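>>> Structure for the following, please:
(chains A and B)
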Amino acid sequence: DAKTTQPTSMDCAEGRAANLPCNHSTISGNEYVYWYRQIHSQGPQYIIHGLKNNETNEMASLIITEDRKSSTLILPHATLRDTAVYYCIVRVRRSGGYNKLIFGAGTRLAVHP
Amino acid sequence: NAGVTQTPKFRILKIGQSMTLQCTQDMNHNYMYWYRQDPGMGLKLIYYSVGAGITDKGEVPNGYNVSRSTTEDFPLRLELAAPSQTSVYFCASSYSGGQGRGLEVYEQYFGPGTRLTVT
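Numbers count the residues shown, from 1 in each chain, chains lettered A, B, ... in the order given. Here you go, the predicted model:
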């Protein structure tokens, strides 16, 4: 599975959009980009995933560049409850062997009033 | 749905004691996983299961055992607790199904974790 690079930390004002970048320059054609987050002391929470096209759900939007070497997770109206560590993970969705999630250090997002 | 539930929430063990961490999911997911997370670090996979009766090792299996007798339950056993096993343990599950060119495994859903201290 490809490696990812994320900033260590970011700040965002409450009510503003939070844009979290992720570089995955070695991503291969069948690898998806997944985003999870972990609020302090809780289990990781799935947010969104995508392959080539931009994706949106009730939590966030995912923008993937045309060359697929980077992506941005957008929280359109950040709240204090969005303060968490955000993990960008690249992996295939195949079965066989285990479906490993490699959690790096992630980006620590602090949303402030 | 309750999702993925774990018990206990907290536990303190003495060195050499044993215990079982319980994990149950009610989403009929066939894949289940156990991770550990040390302070300030990412998650590491201990064991996983692709279905009832089938388990396999992850990245850090030493000192642990698992079983999967039902789809819903995936207990993690520590036989001789050591201080190095002090950590937060997360159970997760995911669904796999046939789609497109073959079987795919979907996103993982995590339980709230068990905080274990071994002294």
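>>> and whichever helix or strand A:Tyr36 is part of with chain B, contact?
Counting by DSSP states H and E, the element that carries A:Tyr36 is strand A:31-38. Yes. Strand A:31-38 lies within reach of chain B by Cβ under 8 Å from any Cβ of the partner chain, at A:Tyr34. To be clear about C-beta, it is placed using only N, CA and C from the backbone, and glycine gets the same treatment.
>>> low-confidence ranges in chain A?
A:1-2, A:93-100 (pLDDT under 70).
>>> on that earlier part again, mind checking how far the strand holding A:Tyr36 is from the chain centre?
5 Å (Cα atoms, centre = their mean, to the nearest Å).
>>> Strands along chain A, start to end?
Along chain A, counting by DSSP state E, strands occupy A:9-13, A:18-23, A:31-38, A:45-50, A:55-56, A:61-64, A:70-75, A:84-92, A:107-112.
>>> In a markdown table: those strands, plus mean neighbour count.
Shown next, in a markdown table, are the strands of chain A (neighbours: other Cβ atoms under 10 Å in any protein chain shown):
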| stretch | mean neighbour count |
| --- | --- |
| strand A:9-13 | 14 |
| strand A:18-23 | 20 |
| strand A:31-38 | 22 |
| strand A:45-50 | 18 |
| strand A:55-56 | 15 |
| strand A:61-64 | 19 |
| strand A:70-75 | 20 |
| strand A:84-92 | 22 |
| strand A:107-112 | 17 |
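>>> just so I know, which of those strands lies nearest B:Leu13?
Across those, B:Leu13 has its closest neighbour in strand A:31-38 (24.5 Å, Cβ to Cβ).
>>> Please find the angle between the direction vectors of that closest one and strand A:84-92.
If you take axes from the mean of the first three to the mean of the last three Cα atoms, to 10 degrees, strand A:31-38 sits at 160 degrees to strand A:84-92.
>>> other SSEs contacting strand A:31-38?
strand A:18-23, strand A:45-50, strand A:61-64, strand A:84-92 (3 or more Cβ pairs under 8 Å, 6 or more residues apart in numbering or on different chains; DSSP states H and E).
>>> Give me the most central residue, the chain.
Assuming you mean chain A. Residue closest to the average C-alpha location in chain A (Cα atoms, centre = their mean): A:Trp35, at 3.1 Å.
>>> The intended chain is chain B.
B:Trp34 (2.2 Å).
>>> residue contacts, that one?
Taking Cβ atoms under 8 Å, 6 or more residues apart in numbering or on different chains as the criterion, B:Trp34 is in contact with B:21, B:23, B:45-48, B:58, B:64, B:66, B:74, B:76, B:89-92.
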